[in-house]
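Enquirer: Could you work out the structure for the sequence below:
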Amino acid sequence: MRAKSIKGTSAAEIKAVMTKSIADGFKPTLAICFISKSQDRTAISNLLDAEGIAVFGCTTNGEFIDEVTEKGSAAILLLDMNKDHFQIYFEEYPSGNYREVAKGVAQKAIEKFKLPAFILGLSHQAVDGEEILHGLEDVVGTAVNVFGGCAGDDYSFSEQFVFTNGKDSNKAMLCLALDEEKVNVKGIATCGWKAIGTEKTVTKSEGNHVYTVDNMPVLDITAKYGGIQNVSPDNKGLLLEIAANLPLQLQREKGNPVMRPGLMIDWNDHSFYTSGTVPQGSKVKFSVQPDLDVMEKVVKGVENLKATEMPEADALVVFSCAGRILSFGPMMNMELEGIKNVWNVPMAGMFSNGELGRATGGNLEMHNLTTCCVVLKEK
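Expert: Coordinates of the predicted model:
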């Protein structure tokens, strides 16, 4: 399989670079698109559709090809994968029935492919990504390979979208199903954020809606821990500060802790929604600001993936949490360059509101402040 990564800051620019990229006879069948809300994603999607290219698209908090990060642009990975080796599914979940929607998609996929793997894009801040993962596991089994991320909205925390050919929604599951008998799919989710302080108990929660921790509204205890003074809807930077700097770390009996920052606040009771389930009675800790060894951990994890499971690759897709670039700034390029250099193949990615994957030694879970690398090699 051949792959090429392209980028641009308008539909016209994307058209120009795509025309150049196919001038040598390259005929892409699939485009993985990471596009800012400020761009005309419909025009770009229609452009790809007119060329007979299947579209897997998410809006972002930033996008990149290779190690160069951008804002307000479009980053696209073009693949000439055999059309019989993949299928795109698009299903909305307006009533929040995430698990049932995922089960329906998984059933379609397993009828088409004996051994499907999945790359997901999810939209809406309150989506419970773990319920979607559980729905896929219900049908395909707990060993299923699933990777992906939650769409972004340029840090506005307002409305995110996933899209494909002729379809676009702010409350939907976009699924790229891959035939693992024909395409090798491997990945790794690595965080590296360190915890601080004593364990606290989640005293009231429902799914990914966390109400109280140690019998205090979760927003209030988070603000107290972080020293936030202006805890009100007027503080437009509040969610960004909570998500990037003050995430909860959900402690696990098996595997590494997973990050659970607040992504949408209910001001009626100062509760908030996270991207994954936080069971009532579970233990959480807060986090400390990361240092450079967090990036080194990600690159070493990817190097180990190549050494042990995926010696060769055709393309690389990366879902990296928006909180990482907020914390690392320009140094984020170091992590992306380190990942790129492991296989040195075309790479595209996005800064997301949540990441899906299997952490080292853990279960398939929803993550935050994590980098999820997905490696593809057509057989």
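Enquirer: Might you report the residue contacts of the residue nearest to residue 98 when sequence neighbours are not counted?
Expert: Nearest non-adjacent residue to residue 98, counting by C-beta to C-beta, 6 or more residues apart in numbering: residue 131, 3.9 Å away. Heads up, the C-betas are built off the backbone N, CA and C, glycines and all. Neighbouring residues of residue 131 by C-beta atoms under 8 Å, 6 or more residues apart in numbering: 98-99, 102, 207-208, 277.
Enquirer: Next one: residue 131 from residue 296, what distance?
Expert: From residue 131 across to residue 296, the span is 33 Å (C-beta to C-beta, to the nearest Å).
Enquirer: re earlier: of the contacts of residue 131, closest to residue 29?
Expert: Residue 29 has its nearest neighbour among these in residue 102, at 25.1 Å by C-beta to C-beta.
Enquirer: Looks to me like that closest one is in a helix.
Expert: Yes. Residue 102: assigned to a helix according to DSSP: H, G, I helix; E, B strand; the rest coil.
Enquirer: so is the nearest residue in space to it that is not next to it in sequence in a helix, a strand, or just coil?
Expert: Nearest non-adjacent residue to residue 102, counting by C-beta to C-beta, 6+ apart: residue 135, 2.7 Å away. With three-state DSSP as the basis, residue 135 sits in helix.
Enquirer: Distance-wise, check residue 135 relative to residue 184.
Expert: For residue 135, the distance to residue 184 (C-beta to C-beta) stands at 24 Å.
Enquirer: neighbour-wise, which of the two wins?
Expert: residue 135 (22 against 19; other C-beta atoms under 10 Å).
Enquirer: so that one touches residue 106, yeah?
Expert: Yes. In this structure, residue 135 is within contact of residue 106 by C-beta atoms under 8 Å, at 6.5 Å.
Enquirer: Domain map for this structure?
Expert: Following automatic domain parsing, the chain resolves into domains at 3-190+292-378, 195-287.
Enquirer: what's the least confident stretch among these?
Expert: Of all the domains of the chain, the minimum mean pLDDT falls on domain 195-287 (a mean of 89).
Enquirer: Tell me the gap between it and the middle of its chain.
Expert: Centre-to-centre, domain 195-287 and its host chain are 20 Å apart (C-alpha atoms, centre = their mean, to the nearest Å).
Enquirer: Surely residue 210 touches residue 272?
Expert: Yes. Contact criterion C-beta under 8 Å: residue 210 and residue 272 qualify, at 6.1 Å.
Enquirer: quick revisit: buried deepest among the domains of the chain, which one?
Expert: Burial of the domains of the chain is given as mean neighbour count (mean count of other C-beta atoms under 10 Å); domain 3-190+292-378 ranks first at a mean of 21.
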